[in-house]
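Undergrad: Curious how this folds, go ahead:
(chains A and B)
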Amino acid sequence: MKPITANFRSKAAQTLNNAQIQESIEHVYTGFFKGRLTAASDTPEWEDLRTKGKAIKDHTIAHLDYYLDLLATNVEKNGGSVFFADDAEEARQHIIDLAHKRDIKTVIKSKSMVSEEMGLEKAMNAEGFETVETDLGEYIIQLANETPYHLIAPAVHKSREDVAKLLDDDFKEGDRVPDATELTMMARKKLRGVFERADMSVTGVNFAVAESGSIALVTNEGNGRMSTTVPRVHVAVMGMEKIVPSIQDLSTMLRILIRSATGQRISTYVTMVNEARKSDEEEGPEEFHLVIMNNGRQNLLEDPQMRESLNCIRCGACLNACPVYRKVGGHAYGWVYPGPIGAIVSPVLTGVKDASNLPSASSLCGACHDACPVKINIPRMLLELRWRTAEGSTDKSERASSAKERGVWKMWRMGMMGRKRFDMGARLAGLALRPLSRNGWLKKAPPPISGWTSTRDFPSISSGSLRSKLSKRLGRSK
Amino acid sequence: MVDQLAPSVGESTVEVLEHLGVNVHFLNDQTCCGQPAFNSGFRSEAHPVAARFIELFEKTDGPIVVPSGSCAAMVRNYYVDLFRGDADLLRRAALVGDRVFELTEFISKYFGTSAISGELNASATYHKCCHLLREIGINEEPLDMLSNISGLEMTPLERADVCCGFGGAFSVKMPDISSAILDEKLDFIEATGASTVIAGDTGCVYQMQGGLRRRDSSVKVIHIAEALAKSIRNSSSTGASN
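TA: Presented below is the predicted three-dimensional model:
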């Protein structure tokens, strides 16, 4: 998928003015966010699990080479094949080549964000393979020709009416809008035939277990189980960070992933795949292929300040908690990963320059850090990226701050470096703003405060500073 | 911010501390902890301002009390990033940081949440400012303190722990997003029917008050230091408490 992170502001503005999307997206708070809180409070050892989850991920990422090697060895020992792809293009081509070699006609996909990085569905359809998303949300998004809005709820921004229009060719404006069950049955009917004729599947990987060479998939619709059992070729795709050392670790990670994602104690399906069909077995795919993709993750791995973002297990809890995501929506972020986690990984994976608005689009409220099941300190990394794009990057072309902005902060610094200058600066600003002020407030102010007064009144500078007021009160002060 | 835009918050802070028997000193030379530039990415500009803060305050003794969870968090949690690689400043920043407390944190830690029992006739609701809640870890303590004020009728605020949209420079740089977040907050505030909102950080106070004024709402937003100081003043004038 081609990043278009540069359009954040305009895309955000469109969503802010879309009442239907604002209403639909509320579900991420009232449903997912609240669900996670309930699940966490029903789990007495919740904080210990988070601490353990973080430790597992810290350890794995610190020894990633070792665990990737162990995983590949074990997958091959089980009879599967492993392909390490440097980037999305290489991964995509590998899968397309494989499909050609195996004379594939129909490909079913279960939900995978990594395959979104590859733009796989579109590319395979363009190559002549009938390629169909089988996760309900992803299927809706495919029919709408859009990209996922949310890590676990790709069509969360769609109303039931939107979905009815996509699934029911006969649906007309003004018709009774089918309920969720009816809509699901429509999709099921359409997808059933595709499942039956599919000869290849591409699934994601929630976790790969290094010690056993198995992959685990978490789904609620059964499409994951169908995808890993029906077609004769199964290809699983994963980012190289989606790995845990052992089955015990998997158990910990599943507990925090599922609770953090939907608030469920366990998802309807947890599918484990160790290998393709054995010679004495009657069912299951004939081949199992694992594609492990880098696609810029090495940049995160080699970056001590950003490495922690590789701990992400893509549960979406930070999106649900984020007041900015809930207003600007998923498409504003312009690439595969929206929300707070997207704001820190997209700039590093797709280039800081175009994505410089993403780290700025935050009130730094910290709700993401609080919600993250593996305690990724997202605000710290947002601040790190703000610094790099303002002035810190050693590559000058990555610095996105304007001369005006730099000038403002230089003036600010000069004003803050001495108390006399500080008071004088405030006095001058107060004098300049006084003609605009009514009853201690401004309705309109010149830049840089004009952004504020576009929607809110701004307080006037006080007629006396705290220092002057306190000097009367605290005679003894220095 | 408090110094030039909201001196009454500072005065109230002194009043509250003195009421508790604290001997308060104000460093006349102080300006800012550096957070605005740091949060905007201009660490080279924030650095000398923050170093100046350390130089001034390391010459003092005793706790350093600030009426802002955000400023306290900057010194305690983010100087480590600002001074990265400078062992000397990091050491000194840690020594100063250990002495920094947000006002309600300081009161609940050293005096208890029932230390102030003033009087204030108002119907109010309390907004949990993000940095005080999540960076400093003060959650229910301010509400406990407010529950000891007689005459103050508190109504719970729906989504009290969700951001008001302020975020410092964010509020100016991306005003449309900041205001959309604010609007949700103001809807919940107005739904309480309270005439006063109490909050712990001046930036958030002005974000909410500025938005309420634009709505022509009569709801007032005050800093918790102001609420506490006023309640102390009221009760001492009626002789209800010491």
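
Undergrad: CA only for contacts and neighbour counts going forward, please
TA: OK.

Undergrad: buried sites along the longest strand seen in chain B?
TA: Looking across chain B with DSSP state E, the single longest strand is strand B:119-126. Neighbour-count burial for strand B:119-126, counted by 16 or more other CA atoms under 10 Å in any protein chain shown, picks out B:119-120, B:123-126.

Undergrad: And stretch B:106-119, by the same measure?
TA: Of the residues in stretch B:106-119, B:106-108, B:113, B:116-119 count as buried by neighbour count, 16+ other CA under 10 Å.

Undergrad: same question, stretch A:395-411
TA: Neighbour counts using 16+ other CA under 10 Å place A:398-401, A:409-410 of stretch A:395-411 among the buried residues.

Undergrad: can you redo those as a markdown table with distance to A:L167?
TA: Formatted as a markdown table, those follow (distance: CA to CA, whole Å):
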| residue | distance to A:L167 |
| --- | --- |
| A:E398 | 44 |
| A:R399 | 45 |
| A:A400 | 43 |
| A:S401 | 46 |
| A:W409 | 53 |
| A:K410 | 57 |
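
Undergrad: what residue ranges in chain A score low on pLDDT?
TA: Flagging of chain A using pLDDT under 70 yields the residue ranges A:475-478.

Undergrad: Per the annotation, how does chain B divide into domains?
TA: Domain ranges of chain B: B:6-107, B:114-237, per automatic domain parsing.

Undergrad: Does the longest one reach chain A?
TA: Yes - applying CA under 8 Å from any CA of the partner chain, one finds domain B:114-237 touching chain A at B:130-131, B:134-135, B:162-163, B:165-168, B:170-181, B:206-207, B:209-214.

Undergrad: out of everything not next to it in sequence, what's closest to A:S260?
TA: Leaving aside its sequence neighbours, A:S260 sits nearest to A:R36 (CA to CA, 6 or more residues apart in numbering or on different chains; 5.1 Å).

Undergrad: OK, contacts around that neighbour?
TA: A:259-264, A:317 (CA atoms under 8 Å, 6 or more residues apart in numbering or on different chains).

Undergrad: Farthest pair within those?
TA: With CA to CA as the measure, no two of the contacts of A:R36 lie farther apart than A:Q264 and A:A317, at 12.9 Å.

Undergrad: Those two - which one has more neighbours?
TA: Neighbour count, other CA atoms under 10 Å in any protein chain shown: between A:Q264 and A:A317, A:A317 has more, with 32 against 19.

Undergrad: how far is stretch A:347-365 from where the chain is centred?
TA: In this view, stretch A:347-365 has its centroid 13 Å away from the chain centroid, taken as CA atoms, centre = their mean, to the nearest Å.

Undergrad: hang on, the earlier thing: does anything pack onto the longest strand of chain B? Which helices or strands?
TA: strand B:150-154, strand B:196-199, helix B:224-238 (3 or more CA pairs under 8 Å, 6 or more residues apart in numbering or on different chains; DSSP states H and E).

Undergrad: Comparing these by mean pLDDT, which bottoms out?
TA: The minimum mean pLDDT among these belongs to helix B:224-238 (a mean of 93).

Undergrad: List the buried residues in it.
TA: In terms of neighbour count (16+ other CA under 10 Å), helix B:224-238 has its buried residues at B:224-235.

Undergrad: same deal with stretch B:137-155?
TA: B:138-139, B:141-143, B:145-150, B:152, B:154.

Undergrad: got the residue ranges for the strands in chain B?
TA: Using DSSP E, the strands of chain B run over B:64-66, B:100-102, B:119-126, B:150-154, B:196-199, B:220-223.

Undergrad: hmm, I was thinking of chain A
TA: Per DSSP E, chain A carries strands over the ranges A:81-85, A:106-109, A:130-133, A:200-203, A:207-209, A:214-219, A:233-239, A:243-244, A:269-273, A:287-293, A:437-438, A:441-442, A:458-459.

Undergrad: Which strands border the third one, and is each parallel or antiparallel?
TA: Applying DSSP bridges, strand A:130-133 is found paired with strand A:106-109 (parallel).
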